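**Student:** below are the sequence and a predicted model; questions follow.
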Amino acid sequence: MMGNLLEHMGVDRNRLHFSWISSAEATKFVDVVKEISDKVRALGTTKKFAKDYTK
Amino acid sequence: MDTCIEKIKAICTDLFSKGEVEKVIGFAGGSIPMATRPIAVTSEADVEKLVFNAFCGLNLANYVTKNNLPKDGAKIAVVAKGCDARNLVTHMVENQVPRDQVYIIGVPCTGMADKRRIAQRFEDEITQCTQDGDTFTVTSALQQEVIAKKDVLRHNCQYCTHRNPPVYDVMAGEPVEEQILDQPFPDVDHIASMDPETRWDHFAELTKNCIRCYACRNACPLCYCPTCFVDESSPQWVGKGQDETDITTFHFLRAFHCAGRCTDCGACVEACPMGINVRDFTRKLNKDALDLFGWEAGMDLDRRPPLDVYSPDDPDDFIK
Ligand code: SF4
Ligand code: SF4
């Protein structure tokens, strides 16, 4: 529901990721973080939910 | 509704004379036209102060919290429209108040009027508003108008399908007919039909005048945390100024805290001094709760809310 609300507010679903990772699954954690970083990097920067501190 | 208040008063007088309750939380007249205020009546003599009309738009469940229940286990009574009663049930389901300390005086509700919609019809300040059944006579220095309640109903009341309290101790009137809607969430569907950028702009436009007064939060019966996340300073979860990112973060998180709990009572919008329809956020959650879990908040004392229990058939296609 959180993802749905964010998507409803106009946030790109591809920037959201939900995973179930046990504390024993260190490698899965690393893999998931890598995958998300690559995916989001490919999407480029966004201004949504990003505070502009130069203002 | 005119007779409804007589019944409410008779019930309260009876409760006090039998010594069954310590106080009654209800509505009293306001100091300006089209306004009421919450009141705690503590004696039979003050029962006369109670009113009930189409401007009782706040949610009285907000005034029934752990900390203001009598410590000795005595009861308090609450005048409850359909939505107030559902929020009382939510309090009970969330173990905030025990069922046996709250005496629910259920009011079959025919909806509340949107005072902004009435004010829009006037150029100058409204000086008087009287209600006779389902019509209002509204007067200002320049004009007088007779307005039908159905033409100025609040948006949430137009889409309300639980006007009769689902749980009560006594009813102050015959149940009213419930609406059956083909499309319960046309506003949410409308936003969903926009492309993502337009949706983002819609919410930015919606909240751009927000002054972070938190009246919406304070009017909400769900917001009973001793310290709200927006008020914490260590850690500070969200910036406190009027930066648009902070405003959006506040609204997104406040709304999400209401997921599976909101009854769409409209108190947040009623309280907002800037006329912001913050229900645009919560309505999406209410729609999802219904679509994904068949859940409407505050209907049943024995069912756990969807975000509070695990079920093997919970939707999980978003977990990757
Ligand atoms: S939401 Fe329903 S119960 Fe609540 S005031 Fe409106 S019509 Fe009445
Ligand atoms: S009541 Fe209105 S102005 Fe105040 S914080 Fe809520 S949305 Fe913003």
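**Tutor:** Ah, there it is. Ligands and ions are numbered 1, 2, ... in the order given.
**Student:** which residues touch residue B:136?
**Tutor:** By Cβ atoms under 8 Å, 6 or more residues apart in numbering or on different chains, the contact list for residue B:136 reads B:54, B:113, B:118, B:129, B:130, B:146, B:147, B:149, B:152. All C-beta atoms are positioned from the backbone trio N, CA, C, and that covers glycine.
**Student:** mind checking which of those are in strands?
**Tutor:** Per DSSP state E, strands hold the following members of those: B:129, B:130, B:146, B:147.
**Student:** for ChimeraX, what selects the buried ones among the contacts of residue B:136?
**Tutor:** Per 16 or more other Cβ atoms under 10 Å in any protein chain shown, the buried members of the contacts of residue B:136 correspond to this ChimeraX selection:
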select /B:54,113,118,129,147,149,152
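**Student:** can you name the residues that contact the residue in the stretch 151-300 of chain B positioned nearest to chain A?
**Tutor:** Nearest residue of the stretch 151-300 of chain B to chain A: residue B:200, at 2.9 Å (Cβ to the nearest Cβ). By Cβ under 8 Å, 6+ apart, residue B:200 lies in contact with A:9, A:10, A:11, A:48.
**Student:** and it, what pLDDT?
**Tutor:** In this model, residue B:200 is scored at 97, pLDDT.
**Student:** and it, what element?
**Tutor:** Secondary structure assigned from DSSP states H and E places residue B:200 in helix B:196-207.
**Student:** cool, residue B:105 as well?
**Tutor:** Following DSSP H and E, one finds residue B:105 within strand B:102-106.
**Student:** does that strand reach ligand 1?
**Tutor:** No: Strand B:102-106 is not in contact with ligand 1 by Cβ under 6 Å from any ligand atom; minimum separation 10.2 Å.
**Student:** listing partners with orientation, what would you give for that strand?
**Tutor:** Here strand B:102-106 has these sheet partners by DSSP bridges: strand B:75-80 (parallel), strand B:170-171 (parallel).
**Student:** would you turn those into CSV with mean neighbour count and mean pLDDT?
**Tutor:** Converted to CSV, the strands paired with strand B:102-106 look like this (neighbours: other Cβ atoms under 10 Å in any protein chain shown; pLDDT from 0 to 100):
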stretch, mean neighbour count, mean pLDDT
strand B:75-80, 25, 98
strand B:170-171, 16, 97
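**Student:** so which of the ones you listed gets nearest residue B:301?
**Tutor:** Distance to residue B:301, taken as Cβ to Cβ, is lowest for strand B:75-80 among the strands paired with strand B:102-106, at 14.1 Å.
**Student:** circling back to that earlier point, would a markdown table of the ones in strands among the contacts of residue B:136 with pLDDT be doable?
**Tutor:** Below are the ones in strands among the contacts of residue B:136 laid out as a markdown table (pLDDT from 0 to 100):
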| residue | pLDDT |
| --- | --- |
| B:129 | 96 |
| B:130 | 95 |
| B:146 | 97 |
| B:147 | 97 |
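**Student:** which one of the residues you listed is nearest ligand 2?
**Tutor:** Nearest to ligand 2 among the ones in strands among the contacts of residue B:136, counting by Cβ to the nearest ligand atom, is residue B:129 at 23.0 Å.
**Student:** where does the closest residue to that closest one other than its chain neighbours land in three-state SS?
**Tutor:** Take residue B:129 and drop its neighbours on the chain: the residue closest to it by Cβ to Cβ, 6 or more residues apart in numbering or on different chains is residue B:33, 4.2 Å away. Under DSSP: H, G, I helix; E, B strand; the rest coil, residue B:33 falls in the coil class.
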